[in-house]
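A.B. asks: Coordinates for the following, if possible.
(4 chains)
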There are 2 protein chains.
Amino acid sequence: MREQILVSAQRLVQQRGFNGFSYADIADEVGIRKASLHHHFPTKTDLGLALIDAYTTQLQSGLRHIGESFNNPADQLRAYVAIYRGSLDAGRMCMGGMLASDALTIDPVMLPGLKGFFACNIEWLTEVLAVGNSQRIFALSGSASDHARMLLAALQGALLIARTTEDIEAFERTTSLLITDILRKG
Amino acid sequence: MREQILVSAQRLVQQRGFNGFSYADIADEVGIRKASLHHHFPTKTDLGLALIDAYTTQLQSGLRHIGESFNNPADQLRAYVAIYRGSLDAGRMCMGGMLASDALTIDPVMLPGLKGFFACNIEWLTEVLAVGNSQRIFALSGSASDHARMLLAALQGALLIARTTEDIEAFERTTSLLITDILRKG
DNA sequence: GTCTATAACGAGATAGAC
DNA sequence: GTCTATCTCGTTATAGAC
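C.D. replies: Model prediction:
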């Protein structure tokens, strides 16, 4: 049940933000009463902390899987971008981006976990970009970590705008451009 | 008074999102009672529509000013980026980005105005990039409109992440990289 | 245009029975 | 672990006096 609650709540946060859903929404979805939810997560902050933790674990698991599935840094980067594309197709934003936009309204105890999530993304991207650059697969114009931050920012923003403008095609073109600009020409 | 309300509400949306403030917050700030606000904006949706309209007007005015102040497309682009930097310094997000993250929870009648705001940004950026490219000041790897969308997405995402990670330095490096990647290399 | 007063609702949360 | 019942608070919104 705890797992069902987390699955439901995660979807709600990704689609509506942390202030955009209530215990009543979750209760309807998982089929128990509001009050019963408080047995699993006494406060909404407790739920939020568990969500960030679970989401970061999902990310790390996904990144590990990419590392095991692809040797080529370019393919790894494309697989990373595909995660965002899959999210868009499901009508979901990145939970990190949604919580970031709610940063001033949520309990501050959630912020370290949120920062950790972004750090996870940046560290992994930095490593992939650095390896690709040293293998002359990529041709970075700046440091690997600067490119990593730029990629993360661009993907978060592209996801946000694409959902609102309902333009998946534009998302696709943006991410293609991001990748080709990193790949060594000719 | 209507103007004071809009100023207050705009700041609140940019910092806390459309669901992150109430009429009580505005009332405290402008010094009238909650009920009096409904005389100026009967519903919160009415307020939201007025905010989007005012914000788009501010954008257009700002873009016009940039066009009048700088002839060089590179300087125009830097001035555009500086708008986001100024927002970050004020602890504010772009209102467009905030409303986009709230897209599924706000009254759908606000969505056309929100899409129009993004279209405004993309059209202006596309024009600046196209001119700079034809003047051989820029060296675009893709179409001007694709680069425009990418820039907008990257700036929105960078703003969001920089506020959460409290890393203005990272925002600065990201935007520098975005601009240098567009400029024709020495 | 602004006020007091209040309605109507939904939110997060608690108590205690089963 | 789940339930019913309830509490308290904040929210948007309205009625009607001044």
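A.B. asks: what are the ranges of the helices in chain A?
C.D. replies: Using DSSP state H, the helices of chain A run over residues A:2-16, A:23-30, A:34-40, A:44-69, A:73-89, A:95-101, A:111-134, A:144-165, A:168-182.
A.B. asks: most packed of those helices?
C.D. replies: With neighbours defined as mean count of other Cβ atoms under 10 Å in any protein chain shown, the helices of chain A peak in mean count at helix A:95-101, which reaches a mean of 26. C-beta: built from backbone N, CA, C; applies to glycine.
A.B. asks: what's the model's confidence in it, averaged?
C.D. replies: When pLDDT is averaged along helix A:95-101, the result is 98.
A.B. asks: and that helix, does that touch chain B?
C.D. replies: Yes - using Cβ under 8 Å from any Cβ of the partner chain, a contact is recorded between helix A:95-101 and chain B, made by A:G97, A:M98, A:L99, A:A100, A:S101.
A.B. asks: before we move on, the earlier item: could the helices of chain A go into JSON lines alongside distance to DNA strand D?
C.D. replies: Below are these laid out as JSON lines (distance: least, Cβ to the nearest atom of the strand, whole Å):
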{"stretch": "helix A:2-16", "distance to DNA strand D": "7"}
{"stretch": "helix A:23-30", "distance to DNA strand D": "7"}
{"stretch": "helix A:34-40", "distance to DNA strand D": "3"}
{"stretch": "helix A:44-69", "distance to DNA strand D": "14"}
{"stretch": "helix A:73-89", "distance to DNA strand D": "29"}
{"stretch": "helix A:95-101", "distance to DNA strand D": "17"}
{"stretch": "helix A:111-134", "distance to DNA strand D": "21"}
{"stretch": "helix A:144-165", "distance to DNA strand D": "21"}
{"stretch": "helix A:168-182", "distance to DNA strand D": "31"}
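A.B. asks: Quick one: these as TSV, columns for distance to B:I168 too.
C.D. replies: What follows is the helices of chain A, written out as TSV (distance: least, Cβ to Cβ, whole Å):
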stretch	distance to B:I168
helix A:2-16	27
helix A:23-30	36
helix A:34-40	39
helix A:44-69	24
helix A:73-89	25
helix A:95-101	15
helix A:111-134	15
helix A:144-165	12
helix A:168-182	23
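A.B. asks: closest to B:Q10 out of those?
C.D. replies: Of all the helices of chain A, helix A:95-101 sits nearest to B:Q10, with 15.9 Å by Cβ to Cβ.
A.B. asks: So which elements touch that closest one?
C.D. replies: In terms of contacts (3 or more Cβ pairs under 8 Å, 6 or more residues apart in numbering or on different chains; DSSP states H and E), helix A:95-101 is packed against helix A:2-16, helix A:44-69, helix A:111-134, helix A:144-165, helix B:95-101, helix B:144-165.
A.B. asks: Quick one: closest of those to B:F138.
C.D. replies: helix B:144-165 (8.3 Å).
A.B. asks: residues touching the residue nearest to A:Y55 when sequence neighbours are not counted, list them.
C.D. replies: Closest residue to A:Y55 apart from its sequence neighbours, by Cβ to Cβ, 6 or more residues apart in numbering or on different chains: A:M95 at 4.9 Å. Contacts for A:M95 were tallied using Cβ atoms under 8 Å, 6 or more residues apart in numbering or on different chains; they are A:Q10, A:V13, A:Q14, A:L51, A:I52, A:Y55, A:F117.
A.B. asks: Go ahead and confirm the fifth one touches A:L111.
C.D. replies: No - counting by Cβ atoms under 8 Å, A:I52 sits too far from A:L111 to count as a contact (9.6 Å).
A.B. asks: And A:F18, how far from A:I137?
C.D. replies: For A:F18, the distance to A:I137 equals 39 Å [Cβ to Cβ, to the nearest Å].
A.B. asks: neighbour count winner among these two?
C.D. replies: A:F18 (26 against 17; other Cβ atoms under 10 Å in any protein chain shown).
A.B. asks: and the closest residue to the more buried one other than its chain neighbours, how many neighbours does it have?
C.D. replies: Of all residues not flanking A:F18 in the chain, A:D102 sits nearest, at 4.7 Å (Cβ to Cβ, 6+ apart). If you count neighbours by other Cβ under 10 Å, A:D102 ends up with 25.
A.B. asks: Just list the residues touching A:D102, thanks.
C.D. replies: A:G17, A:F18, A:N19, B:G17, B:G20, B:S101.
A.B. asks: filter those by proximity to DNA strand C?
C.D. replies: Among the contacts of A:D102, no residue is within reach of DNA strand C (Cβ under 7 Å from any atom of the strand).
A.B. asks: Identify the nearest residue to A:Q156 in space, disregarding sequence-adjacent positions?
C.D. replies: Of all residues not flanking A:Q156 in the chain, B:G157 sits nearest, at 3.7 Å (Cβ to Cβ, 6+ apart).
A.B. asks: For that neighbour, give me its contacts.
C.D. replies: B:G157 is in contact with A:G97, A:L152, A:A153, A:A154, A:L155, A:Q156, A:G157, A:A158, A:L160, counting by Cβ under 8 Å, 6+ apart.
A.B. asks: Closest to A:A74 out of the residues you listed?
C.D. replies: For these, the nearest to A:A74 is A:L155 (16.0 Å; Cβ to Cβ).
A.B. asks: what sits against that closest one?
C.D. replies: A:L155 touches A:V81, A:Y84, A:C94, A:T175, A:L178, B:A153, B:G157, counting by Cβ under 8 Å, 6+ apart.
A.B. asks: Repeat the analysis, applying 10 Å as the threshold.
C.D. replies: By Cβ atoms under 10 Å, 6 or more residues apart in numbering or on different chains, the contact list for A:L155 reads A:80-81, A:83-85, A:87, A:94, A:97, A:121, A:125, A:171, A:174-175, A:178, B:153-154, B:157.
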